[in-house]
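S.K.: No letters, just coordinates:
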DNA sequence: AAAAAATGAATGAACGTTCATTCATTTTTT
DNA sequence: AAAAAATGAATGAACGTTCATTCATTTTTT
């Protein structure tokens, strides 16, 4: 692992544990196994660092979700694959999920980063739009269809993180996916 | 408005605009129209202040949602009333919604406050449990039913806040409510 | 009824401490 | 030997918190 990655990884861990307010550079350097000065060779400031981390996490997430998409394949299959990828990625990286939830709507993100922000719903928006054009989905406003597909997943992840549900069980995950599908698809 | 309320109100506004990190006591005092020292007559510390604000907001929210509940009334009617109250309250106080979303899972909250925390889903949990006992709701895990009821509302609120949808329109709101109902009720 | 005394909420300057950032020096790589 | 990368002590601005002091209001005394 190179130094830059080590810094980002340490930031993710500490910021989730203590919050941006209590995260200090000395502690961060220790966690990453480098010295304070080194951080500044890679990132201009503490805030820039958070923004870079955010962008990386969103980029990775979108790339992984998009792997579930295949041009020309049935909407249903694309929907399931993409959503499954999203859930799996979150389950394996709950810290990334928490981080996204915490910072997507926070005032820390620069405008420049915020543009990348809405992009967290971009892959979902994409297939919903396509499906709507072809009437493969309920006749509801696009935004509502997005909220119905993604909202319950976020909700379950939050319950998962506080230990109220075990999304790692195959059954739970499949029930969730099926339920999301039911609420957008034509019966 | 008494001094304590003025401080809480100013905190909500500034913390949403700048975040806890950039919120400083001098600025806060100015916003509340008092002087720094006065804040400490009402709250022991900056963190205590945030925790008090959080508790107040959750308490108000739950009380308002619970106003939609009537002992002995049909589940469907309770569900609609409670959810409508939640949505209305959020629409009228988007800053409260943002604050809850931002801090519910943040490391700033004291353990003591976190206990009040899960309480944000308490009223919903309550009616879902009741309905499940009487088979008035789909045969799915309780947590999933909660995520299906509340998740899309959170999702829509987020889109509302960034201006992607107009939840103030009666139609939008009713479609959202109906969709949430569809995903938990027996067809 | 007037004067004196007591109260305590509010003030804001002062203070200690934290902590992001810098940069001269050292270590490592080429 | 030169260049590049890393170190970490030093800096100083920022800021949360304290606390002596003020003063409008209330209570007690005359």
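M.R.: Arrived safely. What you are looking at is a predicted structure, and each value in this text was computed from that prediction instead of being measured. Numbers count the residues shown, from 1 in each chain, chains lettered A, B, ... in the order given.
S.K.: Distance of the residue of chain A positioned farthest from its centre relative to residue A:3?
M.R.: In chain A, counting by C-alpha atoms, centre = their mean, residue A:37 sits farthest out from the average C-alpha position, at 30.4 Å. As for residue A:37, its distance to residue A:3 is 12 Å (criterion: C-beta to C-beta, to the nearest Å). (Glycine included, C-beta is placed from N, CA and C.)
S.K.: go on, residue A:76?
M.R.: Distance from residue A:76 to residue A:3, by C-beta to C-beta: 44 Å.
S.K.: Then residue A:57?
M.R.: On the measure of C-beta to C-beta, residue A:57 and residue A:3 end up 19 Å apart.
S.K.: so where's chain A uncertain?
M.R.: For chain A, the stretches with pLDDT under 70 are A:1, A:116-119.
S.K.: Outline the domain layout of chain A.
M.R.: As assigned by automatic domain parsing, chain A contains the domains A:1-43, A:46-184.
S.K.: Determine which stretch of those domains is the most buried.
M.R.: Among the domains of chain A, ranked by average contacts under mean count of other C-beta atoms under 10 Å in any protein chain shown, first place goes to domain A:46-184 (a mean of 18).
S.K.: Give me the contact status of that one with DNA strand D.
M.R.: No - Domain A:46-184 lies apart from DNA strand D when judged by C-beta under 7 Å from any atom of the strand; the minimum separation is 12.3 Å.
S.K.: Now do that domain: distance from first to last residue.
M.R.: Using C-alpha to C-alpha, to the nearest Å, one end of domain A:46-184 lies 41 Å from the other.
S.K.: ok, the residue of chain A found nearest DNA strand D to residue B:11 distance?
M.R.: Closest to DNA strand D within chain A is residue A:37: 1.7 Å, counting by C-beta to the nearest atom of the strand. If you measure residue A:37 against residue B:11 using C-beta to C-beta, the figure is 36 Å.
S.K.: ok, stretch A:9-17 near DNA strand C or not?
M.R.: No - Stretch A:9-17 lies out of reach of DNA strand C by C-beta under 7 Å from any atom of the strand, never closer than 10.7 Å.
S.K.: what residues are up against residue A:79?
M.R.: A:127, A:131, A:149, A:181, A:184 (C-beta atoms under 8 Å, 6 or more residues apart in numbering or on different chains).
S.K.: From residue A:75, how far out is the fourth one?
M.R.: This means residue A:181. 10 Å.
S.K.: Checking my notes, residue A:106 in a helix, right?
M.R.: No - with DSSP: H, G, I helix; E, B strand; the rest coil as the criterion, residue A:106 is coil rather than part of a helix.
S.K.: Contact partners for the residue nearest to residue A:57 when sequence neighbours are not counted?
M.R.: In this structure, residue A:57 finds its nearest non-sequential neighbour in residue A:96, 5.3 Å apart by C-beta to C-beta, 6 or more residues apart in numbering or on different chains. The contact partners of residue A:96, taken as C-beta under 8 Å, 6+ apart, are A:12, A:57, A:60, A:61, A:89, A:90.
S.K.: near DNA strand C, which residues of chain A?
M.R.: A:22, A:23, A:24, A:25, A:26, A:36, A:37, A:40, A:45, A:46, A:47.
S.K.: Can I get those residues in a markdown table including secondary structure?
M.R.: Shown next, in a markdown table, are those (three-state DSSP):
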| residue | secondary structure |
| --- | --- |
| A:22 | helix |
| A:23 | coil |
| A:24 | coil |
| A:25 | helix |
| A:26 | helix |
| A:36 | helix |
| A:37 | helix |
| A:40 | helix |
| A:45 | coil |
| A:46 | helix |
| A:47 | helix |
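S.K.: Right, I'll call it a day here.
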